[in-house]
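Q: pasting the structure only:
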């Protein structure tokens, strides 16, 4: 391993190896006499003082690549934790690690990190990350998303709750055992699919906002300014906004850019993204969530509007274990049979027959990561939010209902629901996808259609 690093450093004069030393006496933590290969490139080694634990994230974030070389066949090394992987992941740094048992359990090879054992594997992984900044960013994002749930406090709390319940006597122990067996390793649903995209506008006030509003837009220049102004009017003082243009062919992008320039002082972080190709609703939302740095995000379609207290009231209804909170929506625009949406109290088993919760809900980023993000399928767009709620139910994640009208849902014949989702052939694909991903749901419209066909 040391020889590989030395060769790469000789080939790349700009490459630096960061090693640590004791702050009091500057004695290296690594015994350099055991690695004579590094002596000729000693001038490319950056020695850093070890820092207190609160300063570790900032220190780790300096790196472009983190490495954790261990003896994969050693019992001692296989007993070491995954700490080095998720420390780097939470700081936004991709890792190359040895394939010990703990690392194999948390790294998706080639996606959220590289597992390297032989000298050839180490060299290939290092060269791949050194040569490709985009790969470094994608891998760092995937590692971060994977760590939010698997190593996060919410999963640990839910696991601990089931263990405590098992101490409550025979009946309680039986119920707890059933839950633990069904959960298995209690892993997430996979890593979010984040399509390729570019940043067109970026501002960061470096404050900490509680909520990011994420607007997704595709050829909605007619409505987008109303959506943007409804976010600007939020009573929450410190707020982040991410807009994702999903490859529009109209004048949306210059319109949004001009609006952001005029109103940049209102927001802490303000970002405009554009997908490389039209990715569909789920892909566009995943792009936006990836750039959110707040605990919660609120999706807003470009043809809808938030009422001023939406972010503040929804955030006030959450706690550390809340996966999502949803309000009542009032429909406007073209005539509709039902004036209100989302007026039913939360009960996950109501999802068995279909969706009753709109996408305009405040969602915890850790919960989105646990569910594997929104599904990405242009051929079956439309039920990305319903799919997310079903995944939350399968993981035992808590939703909450806020019985206030906090948003407005526009009804119009050009909406994606009217022009795409409800079309017969498309609807069939959407239903089939939902049922294949969640075998416990029994959709009302499918049952009614089946009975009609039988008669």
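A: It's in. Here the structure is a predicted model, which is why all the values come from computation and not from measurement. Numbers count the residues shown, from 1 in each chain.
Q: show me what the top strand by length along the chain is packed up against.
A: Looking across the chain with DSSP state E, the single longest strand is strand 398-411. If contacts are counted by 3 or more C-beta pairs under 8 Å, 6 or more residues apart in numbering; DSSP states H and E, strand 398-411 sits against strand 305-306, helix 310-316, strand 322-333. C-betas here are computed from N, CA, C, even on glycine.
Q: what's the average pLDDT for the following helix or strand past the longest one?
A: Which is strand 322-333. The helix or strand immediately downstream of strand 322-333 is strand 340-341, counting by DSSP states H and E. Averaging pLDDT along strand 340-341 yields 92.
Q: save the helices and strands packed on strand 398-411 as TSV, and put in mean neighbour count too.
A: Below are the helices and strands packed on strand 398-411 laid out as TSV (neighbours: other C-beta atoms under 10 Å):
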stretch	mean neighbour count
strand 305-306	24
helix 310-316	21
strand 322-333	21
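Q: which parts of the stretch 101-250 of the chain are strands?
A: Taking DSSP state E, counting those that start in this stretch, the strands of the stretch 101-250 of the chain run over residues 114-115, 197-204, 211-217, 240-245.
Q: got a list of contacts for the third one?
A: Counting by C-beta atoms under 8 Å, 6 or more residues apart in numbering, the neighbours of strand 211-217 from elsewhere in the structure are 224, 227-228, 231, 234, 236, 239-246, 248, 252, 256, 269, 281, 284-285, 288-289, 292-294, 296-302, 306, 311, 314-315, 362.
Q: can you list the strands that it pairs with?
A: strand 240-245 (parallel), strand 296-301 (parallel) (DSSP bridges).
Q: tabulate these (TSV), appending mean pLDDT, mean neighbour count and distance to residue 70.
A: TSV is the format used below for these (pLDDT from 0 to 100; neighbours: other C-beta atoms under 10 Å; distance: least, C-beta to C-beta, whole Å):
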stretch	mean pLDDT	mean neighbour count	distance to residue 70
strand 240-245	98	28	38
strand 296-301	97	26	37
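Q: tabulate the ones you listed in a markdown table, adding columns for distance to residue 192.
A: As requested, the strands paired with strand 211-217 are exported to a markdown table (distance: least, C-beta to C-beta, whole Å):
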| stretch | distance to residue 192 |
| --- | --- |
| strand 240-245 | 14 |
| strand 296-301 | 13 |
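Q: tell me how many other residues crowd residue 123.
A: Neighbours of residue 123 under the rule other C-beta atoms under 10 Å: 17.
Q: who are the contact partners of it?
A: Residue 123 touches 4, 8, counting by C-beta under 8 Å, 6+ apart.
Q: per-residue confidence for it?
A: Value for residue 123, per-residue pLDDT: 96.
Q: do the same with residue 336
A: 73.
Q: ok, and the closest non-adjacent residue to it?
A: Sequence neighbours aside, residue 411 is the residue nearest to residue 336 in space, at 4.9 Å (criterion: C-beta to C-beta, 6 or more residues apart in numbering).
Q: and residue 176, by the same measure?
A: residue 166 (3.6 Å).
Q: make a markdown table from the strands of the stretch 101-250 of the chain and add distance to residue 261 to it.
A: Formatted as a markdown table, those follow (distance: least, C-beta to C-beta, whole Å):
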| stretch | distance to residue 261 |
| --- | --- |
| strand 114-115 | 41 |
| strand 197-204 | 8 |
| strand 211-217 | 16 |
| strand 240-245 | 13 |
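Q: tell me which of the helices and strands packed on strand 398-411 lies nearest to residue 6.
A: Between residue 6 and the helices and strands packed on strand 398-411, the shortest gap by C-beta to C-beta is with strand 322-333, which sits at 48.0 Å.
Q: paired strands for that closest one, with orientation please.
A: When DSSP bridges is applied, strand 322-333 pairs with strand 340-341 (antiparallel), strand 362-364 (antiparallel), strand 398-411 (parallel).
Q: for residue 76, find the nearest of the strands of the stretch 101-250 of the chain.
A: Across those, closest to residue 76 is strand 114-115 (C-beta to C-beta), at 18.7 Å.
Q: quick one on the thing from earlier: and the longest strand of the chain, what's its mean pLDDT?
A: 96.
Q: please parse the chain into its domains.
A: 2-150, 154-183, 197-448 (automatic domain parsing).
Q: what comes up buried for the shortest one?
A: It refers to domain 154-183. Within domain 154-183, the residues scored as buried using 16 or more other C-beta atoms under 10 Å are 154-155, 158, 162, 165-166, 176, 179.
Q: and the closest residue in space to residue 152 that isn't next to it in sequence, what pLDDT?
A: Excluding the flanking residues, the one nearest residue 152 by C-beta to C-beta, 6+ apart is residue 366, at 5.2 Å. On the pLDDT scale, residue 366 is placed at 98.
Q: which helix or which strand is home to residue 366?
A: Taking DSSP H and E as the criterion, the element that holds residue 366 is helix 365-370.
Q: distance of residue 241 relative to residue 233?
A: 12 Å (C-beta to C-beta, to the nearest Å).
Q: so what's the residue nearest the centre of the chain up against?
A: The C-alpha lying nearest the average C-alpha coordinate of the chain belongs to residue 369 (C-alpha atoms, centre = their mean; 4.2 Å). The contact partners of residue 369, by C-beta under 8 Å, 6+ apart, come to 145-146, 148-149, 188, 192.
Q: tell me the one among those residues nearest to residue 11.
A: residue 146 (31.7 Å).
Q: looking at it, that closest one is touching residue 95, isn't it?
A: No: counting by C-beta atoms under 8 Å, residue 146 does not reach residue 95; the two are 11.3 Å apart.
Q: gap between stretch 426-439 and the chain center?
A: 23 Å (C-alpha atoms, centre = their mean, to the nearest Å).
Q: hang on, residue 96 in a strand?
A: Yes: in this structure, residue 96 lies within a strand as judged by DSSP: H, G, I helix; E, B strand; the rest coil.
Q: how far away is it from residue 124?
A: Residue 96 is 10 Å from residue 124, where distance means C-beta to C-beta.
Q: could you check which of the two has the larger neighbour count?
A: Neighbour comparison, residue 96 and residue 124: the larger count goes to residue 96, with 24 against 15 (by other C-beta under 10 Å).
Q: any idea which helix or strand carries residue 59?
A: Going by DSSP H and E, residue 59 is part of helix 56-60.
Q: thanks a lot, see you next time.
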